[in-house]
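**Q** Task: produce atomic coordinates for the following.
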Amino acid sequence: MLSRLRALLADGSARPAGELARGARAPVVVVRTLLQAQVAAGRLQALREGAHTYYALAGRGAARAAMPVAPLVVPPGSTPALRLARTCYHHLAGAFGVALYAAMREHGWLQGTAPTWRLTPAGVAALGACGLPVKPAMTGRDCRDWTLRQPHLGGPLGVAITTAMLDAGWFRRAAHGRALLPCAAGVAAFARWGVDAATLQGVAVTAMRLAANG
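**A** Model (predicted):
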């Protein structure tokens, strides 16, 4: 069972015990005990956010997905549009938000120690070249994505980048709610960063199927 649990976390996600138990097809009380033992041994880390605890691989075993993956359990109240792109406290979330964070780390555009980040000079230059002017001194923070269980970039830096994307016409706001609709300019820009919009759409569709079959 332990190998199965580690495989479920190999995408760099952090997931609650109940979700991992469902993925491992094991009783949650057994999985929670095993997870706590792995935390005590230093093989997993327990991330507490409010009243919730999420488990992730620790140390060198912690992987980081280049692209977001569909969750094992779809949170109640989410929709395909919200899972694809939305605002979270005014910064970009959903599959596009997770992919943006991963791409920025992959390209070396963020510096610091999780959960706090600043732009590197290369990051400032890259965003500026795309028409997204952001002040170098701004800080961002890891924010656990509600629908995908992986981090996206929050804090003032995340807000500034999202605001610049909206101003540049990369996304437009849905008529109602927090969903953001990707525009051609945004899809093209993400593609230049190695992010395939069709893959992100697939994540949202897969999650929708999980919800329908759950």
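
**Q** residue contacts, the nearest residue to Val28 once chain neighbours are set aside?
**A** Spatial nearest neighbour of Val28, excluding adjacent residues (C-beta to C-beta, 6 or more residues apart in numbering): Ala21 at 4.0 Å. For every residue, glycine as well, the C-beta is placed using N, CA and C. Shown in contact with Ala21 (C-beta atoms under 8 Å, 6 or more residues apart in numbering): 27-28, 30-32.

**Q** go with 7 Å
**A** By C-beta atoms under 7 Å, 6 or more residues apart in numbering, the residues touching Ala21 are 27-28, 31.

**Q** how many neighbours does Gly113 have?
**A** In this structure residue 113 is Thr, not Gly. Neighbour count for Thr113, taken as other C-beta atoms under 10 Å: 6.

**Q** Ramachandran coordinates for it?
**A** Main-chain torsions, Thr113, degrees, to the nearest 10: phi -130, psi 130.

**Q** Arg173 versus that one, what's the distance?
**A** Thr113 sits 33 Å away from Arg173, going by C-beta to C-beta, to the nearest Å.

**Q** Could you list the single helix or strand in the chain with the lowest mean pLDDT?
**A** When each helix and strand of the chain is scored by mean pLDDT, DSSP states H and E, helix 197-213 comes last, with a mean of 67.

**Q** per-domain residue ranges of the chain.
**A** For the chain, automatic domain parsing gives the domain ranges 2-61, 80-213.

**Q** Need the winner for burial among the ones you listed.
**A** Sort the domains of the chain by mean neighbour count, taking mean count of other C-beta atoms under 10 Å, and domain 80-213 sits at the top with a mean of 18.

**Q** List the neighbours of the host helix or strand of Val159 that are in contact with it.
**A** Taking DSSP states H and E as the criterion, Val159 maps to helix 155-167. Identification of contacts with helix 155-167 by C-beta under 7 Å, 6+ apart yields 87, 90-92, 117, 119, 127, 132-134, 138-141, 171, 186.

**Q** Just those residues: which are in helices?
**A** Taking DSSP state H, the ones among the contacts of helix 155-167 that sit in helices are 127, 186.

**Q** Nearest to Tyr54 among the contacts of helix 155-167?
**A** Nearest to Tyr54 among the contacts of helix 155-167, counting by C-beta to C-beta, is Arg141 at 15.6 Å.

**Q** residues contacting that closest one?
**A** For Arg141, the contacting residues are 115-116, 154-155, by C-beta under 7 Å, 6+ apart.

**Q** try 10 Å
**A** Arg141 makes contact with 91, 112, 114-117, 151, 153-158 under the criterion C-beta atoms under 10 Å, 6 or more residues apart in numbering.

**Q** Look up the closest residue to it, ignoring the ones flanking it.
**A** Leaving aside its chain neighbours, Arg141 sits nearest to Gly155 (4.0 Å; criterion: C-beta to C-beta, 6+ apart).
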